[in-house]
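compute the structure for the input listed below.
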Amino acid sequence: MSINNNEITEKDHWEGFHQKQPRMKLPSKLVITTRNIQDLLGKNISAGQKVLEIGFAPGKQLSYVASKYHANVTGLDYSSFGVETAKKLFDALNINAEVLCESIFETSLKDETFDVVYSIGVVEHFNDPTEIIRKHVRLTKKGGKAILAIPNYGGVYGKIQKWFDSANIDIHNLEMMNERAFGEFVRGMNCEQVEVYRYGRFDPSIISWRSKLPKVVARLINYLGTAVGHLMPTRMGALSPWLILEVRK
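This next block holds a predicted model:
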C-alpha cells in the first residue's frame, strides 16, 4: 500500500486539476456522485448551523451547503492551490465562507466549534486514520454530528476498480472499508450515537473505465449507469458507492 500516515502530496491530490479549472457554478444533481453527497448532507444540515468541511477544495460541495441551506460554512484544506481555487468559486457565487489553508493536525480551529463536521473521500488515504477521524469528532459540538464518507471499495466496486486501475486502489486503505472496521476508530470516545452504513445510488463514475476501455465506450457506460443510478434508492448494500460513518456527540 503506497499511502502513509500523512496527507497524500499536493501534487498527487491535484494531478491533472491544473489543466481543467472547475466551472464557477454550483454542482449539478444530474451528476450522480453530486446527488448522492447532497442528499446525504441535506438530511443532516439545517439553516444557520456552523458547518465545517475537512478537505473541502475546490469547494463545490461547501458552496452548495452555503447556498442551499444558508449555513455558516468553513473549509479546511492543506492545498494552497485548492484553497485559492475555492476562493475564486466562492467569490463568483457571492458566498461568504471562512477558508483555511491548514493541516487538520495543526489547525487553529478549536474543539467543539461546529454543529456539523464532514469530509468526503479524505480519511481513507491514511494507513492509520485514527487521529484524523477523531479530530472530526472533537471539532463537533455536543449534540452535533460528524459525517465521514469514503468510497465503498471494500466490495464489488473495489474488485472492479482493482482490475481497471490498481494504482488508484493502492492509495486507498481497504482495511477500513467495512462497517465494523470503520466504526472501531471512534470506540471509547464520548459519543451519543455511532452508525456506519452504506449509502448512495449506483455510481459508475467511481470506476476508472477509461484506463482500459475506449473513451466512447467508457462514456457510454457512465451515461447509462448514471441513468440507472438516478432511478435507484439511496441504500442498496453492495451497490452503494459510499460507506458512511455518522457520529452524534
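
nearest residue to the most centrally placed residue in the chain other than its sequence neighbours?
Taking C-alpha atoms, centre = their mean, the centroid of the chain lies closest to residue 120, which sits 0.9 Å from it. Nearest non-adjacent residue to residue 120, counting by C-beta to C-beta, 6 or more residues apart in numbering: residue 149, 4.8 Å away. C-beta here means a position set from N, CA and C on the backbone, and glycine is covered the same way.

next, count neighbours for the one you found.
Burial of residue 149 is recorded as 24 neighbouring residues (other C-beta atoms under 10 Å).

and residue 63, by the same measure?
For residue 63, the neighbour count with other C-beta under 10 Å is 24.

ok, now the one 4 residues further on?
A count of neighbours around residue 67, defined by other C-beta under 10 Å, yields 14.

what distance do you get for it to residue 84?
Per C-beta to C-beta, to the nearest Å, residue 67 is found 20 Å from residue 84.

same question, residue 105
For residue 105, the distance to residue 84 - C-beta to C-beta - is 21 Å.

helices or strands next to the longest helix belonging to the chain in the packing?
Criterion DSSP state H: the longest helix present in the chain is helix 215-230. The helices and strands touching helix 215-230, judged by 3 or more C-beta pairs under 8 Å, 6 or more residues apart in numbering; DSSP states H and E, are helix 32-42.

following the helix it packs on, which helix or strand comes up?
The helix or strand immediately downstream of helix 32-42 is strand 50-54, counting by DSSP states H and E.

between helix 32-42 and the following helix or strand past that following strand, find me the angle.
Helices and strands here follow DSSP H and E; after strand 50-54, the next one along the chain is helix 60-69. Between helix 60-69 and helix 32-42, the angle comes out at 50 degrees (axes from the mean of the first three to the mean of the last three C-alpha atoms, to 10 degrees).

tell me the angle of helix 60-69 relative to strand 50-54?
Using the same axes, to 10 degrees: helix 60-69 against strand 50-54 is 170 degrees.

doesn't residue 99 fall inside a helix?
No. Checked against DSSP: H, G, I helix; E, B strand; the rest coil, residue 99 lies outside a helix; its state is strand.

which residues touch the spatially closest residue to it that is not a sequence neighbour?
Leaving aside its sequence neighbours, residue 99 sits nearest to residue 75 (C-beta to C-beta, 6+ apart; 5.1 Å). Contact analysis of residue 75 by C-beta atoms under 8 Å, 6 or more residues apart in numbering lists 52, 53, 56, 57, 59, 62, 83, 86, 97, 98, 99, 100.

repeat that with 7 Å
Contact analysis of residue 75 by C-beta atoms under 7 Å, 6 or more residues apart in numbering lists 53, 56, 59, 62, 86, 97, 99, 100.

all strands for this structure, in order.
50-54, 72-77, 97-101, 114-120, 140-151, 193-199, 242-248 (DSSP state E).

of all those strands, which one is nearest residue 208?
Proximity to residue 208 (C-beta to C-beta) singles out strand 140-151 among the strands of the chain, at 11.9 Å.

tell me the buried residues in that closest one?
140, 141, 144, 145, 146, 147, 148, 149, 150, 151 (16 or more other C-beta atoms under 10 Å).

distance of the closest residue in space to the third one that isn't next to it in sequence from residue 145?
Leaving out its chain neighbours, the residue that sits closest to residue 144 by C-beta to C-beta, 6+ apart is residue 115, at 4.5 Å. In this structure, residue 115 and residue 145 are 8 Å apart, going by C-beta to C-beta.

same check on residue 35?
Counting by C-beta to C-beta, the separation of residue 35 from residue 145 is 20 Å.

let me see the mean pLDDT of stretch 188-203.
The average pLDDT within stretch 188-203 is 95.
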